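Q: here is my input; please provide its structure:
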Amino acid sequence: MNREQAKALLPIIQAYADGAEVEYCSICDVWSPVKRPSFAESLQWRIAKPKLWYRNFLTNDGVEVCQNILSNTESYWEQQEYFVCWLGERQYYNIT
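A: Presented below is the predicted three-dimensional model:
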């Protein structure tokens, strides 16, 4: 495993360490849960029930919007002409 592969896998390992369930993808493109993951680099891994991040923002017409925020989308919302400012910090919700 090289450093780039380790960086890609780190959030999944951290989520597992924090109690999240993880899944691996088989050769047949089927995602399966695993109780004791090996994190083998020959497999694809993902968080089974990822946390959804939400953040509220204010629009230029005074409406408060609650929006799902992916790690790379905050700057997208900030560039919208109707965006005024963020209201508070990110909040997360577990998917059940």
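Q: now do the top strand by length along the chain: which elements does it pack against?
A: In the chain, taking DSSP state E as the definition, the longest strand is strand 83-94. Here strand 83-94 touches strand 51-59, going by 3 or more CB pairs under 8 Å, 6 or more residues apart in numbering; DSSP states H and E. Glycine gets a C-beta too; all of them are placed from N, C-alpha and C.
Q: export the helix or strand just after the strand it packs on as PDB, just CAs?
A: Using DSSP states H and E, the next helix or strand after strand 51-59 towards the C-terminus is strand 64-68. Output in PDB follows, covering the C-alpha atoms of strand 64-68 (Å, rounded to 0.1, in the frame of the first residue of the first chain):
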ATOM      1  CA  GLU A  64     -32.900  29.600   6.100                       C
ATOM      2  CA  VAL A  65     -31.900  26.400   4.200                       C
ATOM      3  CA  CYS A  66     -30.700  23.100   5.700                       C
ATOM      4  CA  GLN A  67     -28.400  21.500   3.100                       C
ATOM      5  CA  ASN A  68     -26.600  18.100   3.000                       C
END
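Q: if anything else comes up later, I'll come back, but that's it for now.
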